[in-house]
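# 3D model of this:
(one chain, ligands or ions: 2)
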Amino acid sequence: MIESLPFALLVCDARTLTIVEHNAAASAFFGEVLASSRPLRSLVGHGASDFFPDFAETLEPLQRRAVETRETCCADELRVPSPGGERFVAVTVQPMGVDEAVMYLMVSLLEVTQKVAGRERQQYLQRMESVGTLAGGLAHDVNNMLFAIVGHAYLLRARNEMTPEALGELDQIDAAITRARALTAKLLTFARGGCPERGPVQVNETVMETLRLLSGSLGTNVILDVSLDPDLPLILADSGGLQQILMNFCVNARDAMEGRGRLWIRTAQEGSSVLLEVRDSGPGIPETVRSRIFEPFFTTKRGQGTGLGLSVVYGLVKNYGGSVTADNARGGGARFTVRLPALQD
Ligand SMILES: Nc1ncnc2c1ncn2[C@@H]1O[C@H](COP(=O)(O)OP(=O)(O)OP(=O)(O)O)[C@@H](O)[C@H]1O
Ligand SMILES: [Mg+2]
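Ligands and ions are numbered 1, 2, ... in the order given. Okay, here's the model as predicted:
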């Protein structure tokens, strides 16, 4: 009977919590979860802790509670760490017994990874949206103040009594204003997506042009591996923005690889999207860092970076109606994938 159930079901001994029976859906699920660590024969005779120590840490208290209270216990989203990315299950533990004694526990597991991922994506987009509103407002106000500073500095410069020393100080003020304006411009690009004027853009051409510009700053120890789809459709964007996107990826990759390694750049058509992928042979992005890299001012390069590079990328891609994701490639390095809507002809 339990064999035909569409969700994973385990029957566990109430005292030892070892599995006495399970259906095919359970071995399929746990087999998938464990796929890249070790093959799964049978679950019978084992406790969850034999296979999944981390998962058992949350499952076993639920099982014990069901034994003690003799009531059905549930958890909506238990985390199941897996080498292919974490997964989530809704768990119900139902005690079964004769008279007062609980002898077995029926544990049903329903995978809810998709639901959790969808919700997290939604929350992420909302967070980025509110950070965008905040950043845009801030940049706008700071710009207004900068204009006032620029104006007064200009008036000061025009005064007769300015000594060469005083003019030197004014040069310092001007230089600082230029840096501050570059910073607010980046914040505005994140908040509003940059240049509003868009036209048809040849992605491959822009990629080659950008790589020519970059050749000096990447150095000779970064080997480029470029693979461009010759039949790529056009996109609606501005080539300056697209250039900024690619530059930020390449410079970040160079930093991650400490100036030495391989950089793969690929364009391709994928359905009605144009795909631009940049992958490097660096150490990759740690999981804890990955969820924050597109936020303005998030940087792990203390004192060296502003943390605005990828937020600019995010703003531009969003403005082009596309999407950008970051993950680590099989070889370990970071991989950034941009998908932009192809222009229909
Ligand atoms: N290719 C990569 N490999 C590993 N980590 C990366 C890579 N690209 C970005 N990161 C991480 O993402 C963070 C944010 O990147 P972002 O470009 O926004 O800022 P930054 O490079 O630190 O500063 P700035 O762009 O102003 O120089 C980096 O500090 C780094 O931790
Ligand atoms: Mg950067």
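# just the helices in the stretch 51-200 of the chain please.
53-69, 113-158, 164-192 (DSSP state H, counting those that start in this stretch).
# for these, which one sits closest to ligand 2?
Among the helices of the stretch 51-200 of the chain, the nearest to ligand 2 by C-beta to the ion is helix 164-192 (10.5 Å). Bear in mind the C-beta positions are built from the backbone N, C-alpha and C, glycine included.
# that closest one packs against which elements?
Helix 164-192 is packed against helix 113-158, helix 309-319, with contacts defined by 3 or more C-beta pairs under 8 Å, 6 or more residues apart in numbering; DSSP states H and E.
# what about 10 Å?
Counting contacts by 3 or more C-beta pairs under 10 Å, 6 or more residues apart in numbering; DSSP states H and E, helix 164-192 packs against helix 113-158, helix 239-256, helix 309-319.
# follow-up on the earlier one: as JSON lines, the helices of the stretch 51-200 of the chain with distance to ligand 2 would be great.
As requested, the helices of the stretch 51-200 of the chain are arranged in JSON lines below (distance: least, C-beta to the ion, whole Å):
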{"stretch": "helix 53-69", "distance to ligand 2": "33"}
{"stretch": "helix 113-158", "distance to ligand 2": "16"}
{"stretch": "helix 164-192", "distance to ligand 2": "11"}
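# most tightly packed of the helices and strands packed on helix 164-192?
helix 309-319 (a mean of 24; mean count of other C-beta atoms under 10 Å).
# spell out which residues of this structure are next to ligand 1.
248, 252-253, 256, 280, 282, 285, 289, 293, 298-301, 305-311, 334 (C-beta under 6 Å from any ligand atom).
# coming back round to it: let me have the helices and strands packed on helix 164-192 in JSON lines, extended by distance to Val89 and mean pLDDT.
Formatted as JSON lines, the helices and strands packed on helix 164-192 follow (distance: least, C-beta to C-beta, whole Å; pLDDT from 0 to 100):
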{"stretch": "helix 113-158", "distance to Val89": "8", "mean pLDDT": "92"}
{"stretch": "helix 239-256", "distance to Val89": "34", "mean pLDDT": "96"}
{"stretch": "helix 309-319", "distance to Val89": "32", "mean pLDDT": "95"}
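# so can I have JSON lines of those showing distance to Glu86?
Below are the helices and strands packed on helix 164-192 laid out as JSON lines (distance: least, C-beta to C-beta, whole Å):
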{"stretch": "helix 113-158", "distance to Glu86": "8"}
{"stretch": "helix 239-256", "distance to Glu86": "24"}
{"stretch": "helix 309-319", "distance to Glu86": "23"}
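# so Val11 touches Ile2, yeah?
Yes. Counting by C-beta atoms under 10 Å, Val11 does reach Ile2; the two are 7.4 Å apart.
# now the common contact residues for the two.
Common neighbours of Val11 and Ile2, using C-beta atoms under 10 Å, 6 or more residues apart in numbering, are 21-23, 26, 106.
# pLDDT-wise, which helix or strand of the protein ranks last?
helix 48-51 (a mean of 81; mean pLDDT, DSSP states H and E).
# quick one: contacts of that helix?
By C-beta under 10 Å, 6+ apart, helix 48-51 touches 10, 12, 17-19, 30, 33-34, 37-38, 40, 43, 54-60, 63, 80, 107.
# may I see the PyMOL selection of the buried members of these?
Selecting only the buried entries of the contacts of helix 48-51 in PyMOL, with 16 or more other C-beta atoms under 10 Å as the criterion:
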select buried, resi 10+12+17+18+19+30+33+34+40+43+55+56+58+59+63+80+107
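# residues of the stretch 151-300 of the chain that sit close to ligand 2?
Contact residues (C-beta under 5 Å from the ion) of the stretch 151-300 of the chain with ligand 2: Asn252.
# excluding residues flanking it in the chain, which one is nearest the residue of the stretch 151-300 of the chain found nearest ligand 2?
Of all residues in the stretch 151-300 of the chain, Asn252 sits closest to ligand 2, at 4.4 Å by C-beta to the ion. In space, and not counting its chain neighbours, Asn252 is closest to Gly309: 6.2 Å by C-beta to C-beta, 6 or more residues apart in numbering.
# follow-up on the earlier one: contacts only, for the residue of the stretch 151-300 of the chain closest to ligand 2.
278, 280, 282, 285, 293, 301, 305, 309-310, 313, 326, 334, 336.
# also Val142?
180-181, 183-184, 187.
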